[in-house]
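sequence first, then the predicted structure, then my questions.
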Amino acid sequence: MAAQDFDRFGVLADQVPDEIVTHTLVSDVQLPSGKTLALLTLDNGLDHSKPTTLGPATLIELGRELTRQKERAAAGDIAALAVTGKPHFLVAGADLTTVKTLKNSDSGALMAELGHAAYDLLADLGVPTFAFINGVALGGGLEIALASTYRTVSTGANGIGLPEAFIGLVPGWGGVYRLPRLIGPEAAMTVMIENPLNNNRSLNGTTAHQLGIADAIFEPADFVEQSLAWADSVLAGASVERPNAVDPATDAAAAERWDAAAAKARAFVESKTANAAPAPGKVLDVFEAGKTISQAESARLECAALTELMQTPQFQDTVYAFLDLVQKRAKRPAGAPDQKLARPVTKIGVVGAGLMAGQFALLFAKALKVPVIITDIDQARVDKGLAYIHGEIDKLLAKKRISADAANRTKGLVTGSVTKDAFADADLVIEAVFEELQVKKQVFAEVEAVVSPECILATNTSSLSVTEMAADLKHPERVVGFHFFNPVAVMPLIEIVRAPKTDDVVLATAFAVAKQLRKTAVLVKDSAAFVVNRVLLRLMGEVSNAFDDGTDAEVADNALRPMGLPMSPFTLLAMVGIPVAQHVMESLHEAFGDRFRVSANQQALIDNGLKSLWVKNDDGTRSIPDSTLALLQFGNSPSTSEELLVRTQDALAQEIGMMLDEGVVAGPEDIDLCMILGAGWPMHLGGITPYLDRVGASERVRGAKFHTA
C-alpha cells in the first residue's frame, strides 16, 4: 500500500474537523548491536489529562508513516520498528466523539476499514515490529500492540483491555482474532466479555504480562530503554516463549477449548444482560467464526459488525452514558462549589471499627496517604477492625497490587482508639455506625465536643436525614452526607448530600476528597434515600408489591428482564440484605407515603431470620421452600410479566419526575449518572431517563420526555 492510498479516507477526517490528532512522531534509534530501529511515538501534544485517542486524521497519519517505514524496511534502512506513546498512554482507544459524529453506515464502514489498513501494515512491515505498552492501551490502542510482532509492558501501566462490548461495539481492528490466539480462548473471553461487563474492568501491566499479552515486563523508570535493549536481544535471536498461545486451525484440543469458552461466555452475557444489548453477542459471533477462518476474513466480519452496531440505538445510548455522563459530566459535577474553597485534609477519623468502617479506613489511607484513626466502644472491636484492615492490605500485597513498602506504610497510617479524643486534630471525621438517627446524632455530639471548629463531620447514611443529624450541633454547617456504595473500594459513586446549612467550604472539601479517592461525586439534596436507593427501592417495591398481591415469584422476579439489568430484583434484595432494604423502605414510606409500601412478607422473612426468598436446589435451579411460603400471605390480584414491566416503568418515571421537581439533583443527567455508577444501570440503556423516554413511560406519566431530541 502506498502512502497516497490513505487519501481515500480523507472524507472521514473532513467529517471531524475538531479531532484532537494523535501525531506519529518518528526517531531512529541505534541499538547496541548497531542495528537501526524506527521508534514511533504516538502523542497529541497535550498533558496526561488529555488521553491520546484514534480518530480518522490520526489513523491516516499513522498509516502514511507506516507505509514510509515499510519502504525503508524493504530498502534495508531499518531492522525493526517499535510503537510507544506519550507518558502514561500507549493509546486510550478510538475517539468516541469521532465515532458518534459518523452518522451513516458508509462512514462507519470506512472508519472500520481505515483501522485495518493501518494495522495490517504494522503486522506485515517486512521487519519485526514491537509495541512498548507504557500506559493505557484500550480498544484500538491494545489492538495496535496485538498487530505488532512482539510486546513489552510497564509495571506501571494500567487500563489495558478491549472494552468494546461495554461501549456497544466489537474490537474491530483485529483484536477478536489475534488475542485468543495469543493468550488462549478462555483468557480472551475474560478480557473481551467478562471484564467489560463487570463494570468495565481492565488489566494492569503485571496481569497483562502474566496472561501473555506482553512478552516482557520492565519498570517505568527506564521502560523504553529496557524495551529497546530487549528488542535488540530478540533481533539477535533470543527466544520468546508464549506458553498460552494456541492455533485452533491445527490443534483439535484448542478448537474444543474455543467452543467451550464461547459457550461459557454466552451464558455469562445472558446472565448479565438478558441479551438485551447486541454488542456482546456480536463479539461472540466474530470470535466463534474466527476459529476456522483467516485474519483477513475475520477483518471483514469485524468491519461488518462495527458498521451495524454503530447505527444501533443501544450504541448511541451507550455513547451518551459513557461519553456525556461518565467522561464529561462526572468531571464537572453540577452545583459543586469552587474547588479553591476546599481545605486540606491531613488526618481522618472513622467512628466505628466494623466492616464498613474498615473499608473506609483502608480507602482513605491508600488513596489519601494520610493518618486514619478508627474508634469503637472497646479495644476488642478496635483490634478486630485493625486486623481486618491489615488482612486486606496483605491480600493486596499477595496479589502484587501493592509493594511491600507501600503495604507497610499503609498499615502504619491506620491506628485505633477507644476514645473519640483521638479525633482532636482530625480535619474530617466520618461515622460508620448503626443506621439509626438517634445513634448518629449522639455520635456527632460526642465528636463535635473534641474536634476543632473547622473539622468536617460526614455521615455515610443511606437514607436518614442529614439535616436532622446536624440539628442539635453548635456548628450544623460542618455536616455533610458522604454516601458510599458497597463494596467501597469498587463502587465509583459518592452521593454528596447538602443539608440546608452545609456551607460551601465543607462541600468543596468533600468534592476534593472524593476526587482524591478517584470517585465520581454527585451533589444531591437532603431528601430521604437521596438518589440511587430511592430509585432502586421504587423499582424493587413494585416487584415486591406484585409478589405480595399474588403474582408468581418467577414471574415477578423475571418481569424486568427486558431491561437487561445486572441482577433480578429478588437477587438484589438478598445481596443488599432484606433488613437493610426494609429499613430504607420504612424511611421512604415515612417521607413519601404509600408509593413506598412496607412489605409484611419481607418483615416475616426478617422476623424468621431468612436472608433470601429463594434457595438453590442441587440441580442448579431455585425454588421457595414450603416452610418459607407458610410464613407469607398473598393477595388475589396477580400481574402478568408485561403488566408488571409497564407498571414499573411508569413508577420509575413518576418517582424520577418528582425527584427533579423537588430539586434532589440538578437534572436528569445526574440521576442517570448515579444509577450507572451506583447501581450498575446498563450502559446500553443510556441511563435510566433515556430508557424511560424510549419506552414511552415519561410521556405516559408526565406528558413529556425527560430529554429533548
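It's in.

contacts for the strand or helix carrying Leu692?
Secondary structure assignment for Leu692, by DSSP states H and E: helix 688-694. For helix 688-694, contacts defined as Cβ atoms under 8 Å, 6 or more residues apart in numbering pick out 313, 317, 320, 535, 563, 649, 652-653, 656, 668-669, 671-672, 675, 681, 685-686, 698-699, 705-707. All C-beta spots, glycine's among them, are computed from the backbone N, C-alpha and C.

Pro163 contacts Gly139, doesn't it?
Yes: using Cβ atoms under 8 Å, Pro163 makes contact with Gly139 at a distance of 6.1 Å.

find residues that contact each of these two.
Joint contacts of Pro163 and Gly139 (Cβ under 8 Å, 6+ apart) are Gly93.

comparing those two, which shows the higher neighbour count?
Gly139 (25 against 22; other Cβ atoms under 10 Å).

distance-wise, check that one relative to Thr307.
17 Å (Cβ to Cβ, to the nearest Å).

quick one: the helices in the stretch 101-250 of the chain?
105-123, 140-147, 164-167, 175-183, 185-189, 195-197, 205-211, 223-235 (DSSP state H, counting those that start in this stretch).

for Asn158, which of those is the nearest?
helix 205-211 (7.3 Å; Cβ to Cβ).

now do the closest one, average pLDDT.
For helix 205-211, mean pLDDT rounds to 96.

output that helix as PDB, nothing but the C-alphas.
This file holds the C-alpha atoms of helix 205-211, laid out as PDB (Å, rounded to 0.1, in the frame of the first residue of the first chain):
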ATOM      1  CA  GLY A 205       0.800  -4.300  33.300                       C
ATOM      2  CA  THR A 206       1.600  -7.200  35.600                       C
ATOM      3  CA  THR A 207      -1.600  -9.100  34.800                       C
ATOM      4  CA  ALA A 208      -1.200  -8.400  31.100                       C
ATOM      5  CA  HIS A 209       2.200 -10.000  31.200                       C
ATOM      6  CA  GLN A 210       1.000 -12.900  33.200                       C
ATOM      7  CA  LEU A 211      -1.800 -13.600  30.700                       C
END
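
pull the number of nearby residues for the nearest residue to Val513 once chain neighbours are set aside.
Excluding the flanking residues, the one nearest Val513 by Cβ to Cβ, 6 or more residues apart in numbering is Val345, at 5.8 Å. By other Cβ under 10 Å, 19 other residues sit near Val345.

same question for Glu241.
8.

strands of the stretch 1-150 of the chain, start to end?
Along the stretch 1-150 of the chain, counting by DSSP state E, counting those that start in this stretch, strands occupy 23-30, 36-43, 80-85, 89-91, 129-133, 136-138, 150-154.

list of residues touching the fifth one?
Defining contact as Cβ under 8 Å, 6+ apart, one finds that strand 129-133 is touched by 37, 80-84, 90, 122-123, 142, 144-145, 147-154, 157, 160, 205, 208, 214, 223-224, 227, 231, 234.

please apply the same query to the second one.
With Cβ under 8 Å, 6+ apart as the contact definition, strand 36-43 has outside contacts at 22-31, 52, 62, 65-66, 69, 72, 77-86, 89-91, 130, 228, 231-232.

same deal with the last one?
Contacts to strand 150-154, defined as Cβ under 8 Å, 6+ apart, come from residues 128-135, 145, 160, 205, 208-209, 213-220, 223, 226-227, 230-231, 234, 240.

buried ones only from the residues you listed, please, as a PyMOL command.
Burial among the contacts of strand 150-154 is assessed by 16 or more other Cβ atoms under 10 Å; the matching PyMOL selection reads:
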select buried, resi 128+129+130+131+132+133+134+135+145+160+205+208+209+213+214+215+216+217+218+220+223+226+227+230+231+234
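
list the contacts of the residue nearest the centre of the chain.
Residue closest to the average C-alpha location in the chain (Cα atoms, centre = their mean): Asn199, at 3.8 Å. For Asn199, the contact set (Cβ under 8 Å, 6+ apart) comprises 490, 492, 680.

still on that earlier bit, state the mean pLDDT of the next helix or strand after the helix holding Leu692.
On the C-terminal side of helix 688-694, the closest following helix or strand by DSSP H and E is helix 697-702. The average pLDDT for helix 697-702 rounds to 97.

what do you get for stretch 430-446?
Here the average pLDDT along stretch 430-446 is 96.

cool, and stretch 603-614?
On average, stretch 603-614 scores 93.

who touches it?
Under Cβ under 8 Å, 6+ apart, the answer for stretch 603-614 is 553, 570, 573-574, 577-579, 582, 622-624, 628, 631-632.

go through the helix holding Leu692 and flag the buried ones.
688-693.
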